[in-house]
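J.: generate a structure from the sequence data that follows.
(2 chains)
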There are 2 protein chains.
Amino acid sequence: MSQLALALLHYPVLDRQGRVITTAVTNLDLHDLARTGRTYGISRLYVVTPVAGQRDLAGRILGHWREGFGAAYNPDRREAFSRVEVAPTLGEAIAAWRPLAGAEPLPVLTGARRSDGISFEACRELARTRPLMLVFGTGWGLAPELFDQGWPVLAPVRGRSDYNHLPVRAAAAIILDRLCGEAD
Amino acid sequence: MSQLALALLHYPVLDRQGRVITTAVTNLDLHDLARTGRTYGISRLYVVTPVAGQRDLAGRILGHWREGFGAAYNPDRREAFSRVEVAPTLGEAIAAWRPLAGAEPLPVLTGARRSDGISFEACRELARTRPLMLVFGTGWGLAPELFDQGWPVLAPVRGRSDYNHLPVRAAAAIILDRLCGEAD
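T.: Reported below is the predicted structural model:
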């Protein structure tokens, strides 16, 4: 398998009414995605927001756990956060990852309401051929403009019901486990 | 498959130093586990804490989303929370679920540091024969006294690294997906 990265987008994403908005960075998304990503051996997690003040906030959180009090208090958290970076746009996240990825990264979009997605098996195949950046939306999911780029879209995670409102923290964990967890 | 329930224990669990403590109920654990559990069709999520004030807090959060402002604001959240209950002990959670479960529930313990666990395949087999209550610990995991009860223990989730510090929100999502997610 080639390298995997995650991007957590705070813009452009939708609100409940389907309007394009910018969401706020949350401390908890950073912690959960960093820990889950580290568990599954991802190369990088990019926290993407166009708002400079929000990037500063994310940077302060990362600094606390990488170099500040938190680094000594909780070395496991330091290790998880060592792979997290902040970027203003998805394009800049891809550009930042390119030198590490070893080949041209391909974004793979995720979303709960898509019916045109590729299967998890197809995504695993794709991951054998080139580095993938899995793109997750906050709020009510990624905005339509992202789906107009021609990038592959991953099939939604379905549970055992018609209810389809997983937290992004849970969706990312399930998707990473399906793509690169151990078999049993 | 028989019915599944989740129990989220705030006592007895461990802290970083391995001492038995009671953790605080967090709003986010309730939201994430309720939504993930609902997605995978679980029968009930029991939020377990011996502290009456904490049970009151959990009850107020549930009330807000089930009957209060949140119920109208976000009907999906109301639906997720309709399956959440609060209990003072694991024993009382099991007793509360027994009439719904249709047969005697069997607790299945989870934890990141166990090497004696049954496989996911074995757990799926078990789930065909009787109702299972998957037991998750907050803090640094379930206390040893729970592992002395003779209940089955599920093998830890392994990713693609030696790093093994999944948030309970992510671990629960991955375990539910492995036990009862759709195949692809």
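
J.: quick one: A:Leu179 from chain B, how far?
T.: 10 Å (Cβ to the nearest Cβ, to the nearest Å). Where C-beta positions appear, they are placed from N, C-alpha and C, glycine not excepted.

J.: got the buried residues for the lowest-mean-pLDDT helix or strand in chain A?
T.: When the helices and strands of chain A are compared on mean pLDDT, DSSP states H and E, helix A:69-73 comes out lowest with a mean of 88. Across helix A:69-73, burial judged by 16 or more other Cβ atoms under 10 Å in any protein chain shown covers A:Gly70, A:Ala71.

J.: burial measure for A:Thr26, as a count.
T.: Other residues near A:Thr26 come to 18 when the count uses other Cβ atoms under 10 Å in any protein chain shown.

J.: got phi/psi on the nearest residue to it once chain neighbours are set aside?
T.: Leaving aside its sequence neighbours, A:Thr26 sits nearest to A:Thr138 (Cβ to Cβ, 6 or more residues apart in numbering or on different chains; 8.0 Å). Note on A:Thr138: its backbone torsions stand at phi -90, psi -170 [degrees, to the nearest 10].

J.: again with the one 10 residues further on
T.: Backbone geometry at A:Asp148, expressed as degrees, to the nearest 10, gives phi -90, psi 10.

J.: what sits against it?
T.: With contacts taken as Cβ atoms under 8 Å, 6 or more residues apart in numbering or on different chains, A:Asp148 has no neighbouring residues.

J.: show me what the lengthiest helix in chain A is packed up against.
T.: Looking across chain A with DSSP state H, the single longest helix is helix A:52-66. Contact partners of helix A:52-66 among helices and strands, from 3 or more Cβ pairs under 8 Å, 6 or more residues apart in numbering or on different chains; DSSP states H and E: helix A:27-39, helix A:69-73, helix A:75-81, strand A:84-87.

J.: so which of those is nearest B:Gln3?
T.: helix A:27-39 (27.5 Å; Cβ to Cβ).

J.: for A:Ala80, list the residues it contacts.
T.: A:His31, A:Ala34, A:Arg35, A:Gly37, A:Arg38, A:Trp65, B:Tyr163, B:His165.

J.: and with 6 Å instead?
T.: A:Ala34, A:Arg35, A:Arg38 (Cβ atoms under 6 Å, 6 or more residues apart in numbering or on different chains).
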